[in-house]
Structures are given as structure tokens and as C-alpha cells.
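Undergrad: Here is my input; please provide its structure:
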Amino acid sequence: MNTDAQKILVVGGAGYIGSHVVKALRDAGKSPVVFDNMSSGLQENLLAGIPFIKGDTQFPEQLATAMEGVDSIIHLAALKAAGESMTAPEKYAENNISGTINLLNAAAAANVKYFVFSSSAAVYGEPQYLPLDEAHPTKPLNFYGYTKLAVENLLYWYSQLKDLRFSSLRYFNAAGYDVEGELNGLEQEPNNLLPIVMETIVGRRKKVEVFGTDYETRDGSCIRDYIHVSDLAEAHLRALDYLQRENQDLVVNLGTSKGLSVLEILQIAREVCGVDFDYTLGPRRVGDPAVVLAKAGLATELLGWKPKHSDAKTLLETTLRAYQKSKDS
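TA: Below you'll find the model as predicted:
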């Protein structure tokens, strides 16, 4: 069977990470189809020549129609603001869990064979040891993380009962923009540090707020494992190839195992952008661990995957380019 000729439905393919996954599939000669309700997806993220279906995982009939000719699914359609998930859990349960159940049922009915799931390091919760490996206990600290874990548990059962091979990719802090500059659609209302820094640099924000400077880290600020979105996209492609080749389920971390602190990001941003900007030092946020680092050796071993673009300079330069292009347009 020529797997390249089979359609790959990318659910959430007009979003930040999804659009980069679609680009990686296209560049590898695959046949992606974007399925997105455009609640956070962007028109400018829809690549020319790639089929697009406007649809929502809340509507099973839309999913059933979208399954025609589909062999594989890559699922990236989730609400992801951890703080909001604690105040509006019903919204996250409906979109992230119920929506995925609808997607899985449509996939099973259409005999879809492979399912790549965009999971999260949020399934782990407070680190009990570092770096975090795939065997680390899963005790999410927020409802968003719980929804990701709930979907992983569903996938285990659908694998056994419906013969659906799955790959769950637990990634850490996604950052950066397309290294080739083709994709520049900015995330709306970002919650992550790098976009907030860039919004400050281009004048959309007045300042960056640093939450906590008294952690037991090298400079007192939180340390996180940042992974470039182009590296993430490559991992989704390799995960799908793995499922097709090995016919085995897969759960792997995606990260660099090398952390950057908040204050280091601010310093490197100044150097890369050549702009000084205001920031304030504030108290810790509840639920923020001091250090979160991935152990991603399993992804290297099983997928032959290693991050190529996740150094601080590339992360910041590609993000700056996207923000400058948005400002100039």
C-alpha cells in the first residue's frame, strides 16, 4: 500500500502547531487535509493547495463526512490555557474530551488505522524527579492536563478494542516559528513567555512580568524546556511513519533536556532584537514548578528524532521575524 497517497486528516491544522505539522507533511510528499473550526486557527495558516474542511469535533456528522479516504489522523484541536481550564472546566471537558471521543468514534467507524495525538507535559504535574521521563507518575496540576491524560487513556482502550494504533506526543514548551519563514500567523492572546516578550518589543504590551525570582535555580527564575515548533512538526511526521512501519503504539516526550530560565530568555531577547524593554519582578504564581525538563531519549531511540532548531537564538529570531512581519503588514 502506498501510504503517501492516503489522506492524513490534521484536526486543528490551521492553528499554531497544526499549520507547521501540515507544512512538514506537505514537504515530505504526504497528503494532508486540514479540519478546523477556526476558533483559534488563522486563515493565513492555510497553505495554498492543501484541502481545507471547516468543521468542529462537536458535530459527529461533520467528522463522518471528513473521514472519506482518510487513513491517518493527527489531532491538535484542544483548548490549552491551563488557568482558564480551572475556571471553566466544562468548556475544556466538552472540547478536549467530548470532541476527541467524537473524533475517535468517527475514526473507528471509518476504519482509520493511525492516530497521532498532540499531548502535553502537563500530564505529569509537579516533577518528582528530573528530567521527566515517560515513566514519571501522571498527576496533572490543572484540568487542561487532566483532559490530555483522559484522552491518552481513551486511546489505550481504542487501540485494544478498535485496532487503532496511536502515538501520544508529550511535549513541553512549544515556541518559535517556521524556520523557512513561510508560516507567520501569530497566536491570539498568547500565554507563553516568548510571544509575550515579542509583544512587548513591538509595542503591543507595556512590559513583561516575571513571576518569581526566588526559586532554587541558577538565577532565581523558573527554568523551562523550550522546543521549536518546526522540531515538533518533524516529530509528528516521524511518529506517523513509526505507526505505519511498526504497527505499535507509542508514548514519547518531546523536548531538549536543556532548560532556559525566564531571565535568560529576557537577556537573549535583548541581544537578538537589539531592543531594551521593560519588565517587572513579581511574586511566584501558584502551581509553577521551579524546573521542568524533558528526558526525550526515547523519541531519539524510536523515531530517530532530535531537535535541530531549539536553541535560544533560533527560537527568538524566528519569533521576532514573525512578529515584525505582522507589524509591517
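
Undergrad: For the rest of this, base every contact and every neighbour count on C-alpha atoms.
TA: Will do.

Undergrad: quick one, strands of the stretch 51-200 of the chain?
TA: Along the stretch 51-200 of the chain, counting by DSSP state E, counting those that start in this stretch, strands occupy 52-54, 70-75, 114-120, 165-171, 173-175.

Undergrad: Please name the strands paired to the last one in the sheet, noting orientation.
TA: Strand 173-175 has the following strand partners under DSSP bridges: strand 226-228 (parallel).

Undergrad: any idea how far stretch 178-187 is from the chain center?
TA: Remark: stretch 178-187 is offset 15 Å from the chain centroid, using C-alpha atoms, centre = their mean, to the nearest Å.

Undergrad: if we can go back for a sec, export the strands of the stretch 51-200 of the chain to a markdown table and tack on distance to Leu240 and mean neighbour count?
TA: Output for the strands of the stretch 51-200 of the chain, formatted as a markdown table (distance: least, C-alpha to C-alpha, whole Å; neighbours: other C-alpha atoms under 10 Å):
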| stretch | distance to Leu240 | mean neighbour count |
| --- | --- | --- |
| strand 52-54 | 20 | 16 |
| strand 70-75 | 8 | 24 |
| strand 114-120 | 7 | 25 |
| strand 165-171 | 8 | 24 |
| strand 173-175 | 19 | 22 |
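
Undergrad: Could you export those strands as a markdown table, including mean pLDDT and distance to Val208?
TA: As requested, these are exported to a markdown table (pLDDT from 0 to 100; distance: least, C-alpha to C-alpha, whole Å):
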| stretch | mean pLDDT | distance to Val208 |
| --- | --- | --- |
| strand 52-54 | 98 | 36 |
| strand 70-75 | 98 | 32 |
| strand 114-120 | 98 | 25 |
| strand 165-171 | 97 | 24 |
| strand 173-175 | 95 | 17 |
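
Undergrad: how about CSV for those, with distance to Glu234 added?
TA: What follows is the strands of the stretch 51-200 of the chain, written out as CSV (distance: least, C-alpha to C-alpha, whole Å):
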stretch, distance to Glu234
strand 52-54, 21
strand 70-75, 13
strand 114-120, 13
strand 165-171, 12
strand 173-175, 13
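
Undergrad: nearest spatial neighbour of His20, skipping sequence neighbours?
TA: Ala233 (5.7 Å; C-alpha to C-alpha, 6 or more residues apart in numbering).

Undergrad: So that neighbour belongs to a helix, correct?
TA: Yes. Per DSSP: H, G, I helix; E, B strand; the rest coil, Ala233 lies within a helix segment.

Undergrad: Span of stretch 214-229 from start to end?
TA: Terminal residues of stretch 214-229 are spaced 30 Å apart (C-alpha to C-alpha, to the nearest Å).

Undergrad: Buried residues, that stretch. List them.
TA: Buried residues in stretch 214-229, counting neighbours by 16 or more other C-alpha atoms under 10 Å, are found at Ser221, Cys222, Ile223, Arg224, Asp225, Tyr226, Ile227, His228, Val229.

Undergrad: Count the residues that sit near the spatially closest residue to the second one that is not a sequence neighbour.
TA: When the adjacent residues along the chain are set aside, Cys222 lies closest to Ala290, with 4.9 Å between them (C-alpha to C-alpha, 6+ apart). Applying other C-alpha atoms under 10 Å, we find 20 residues neighbouring Ala290.

Undergrad: Next, Ala290: phi, psi?
TA: With angles defined as degrees, to the nearest 10, Ala290 sits at phi -70, psi -40.
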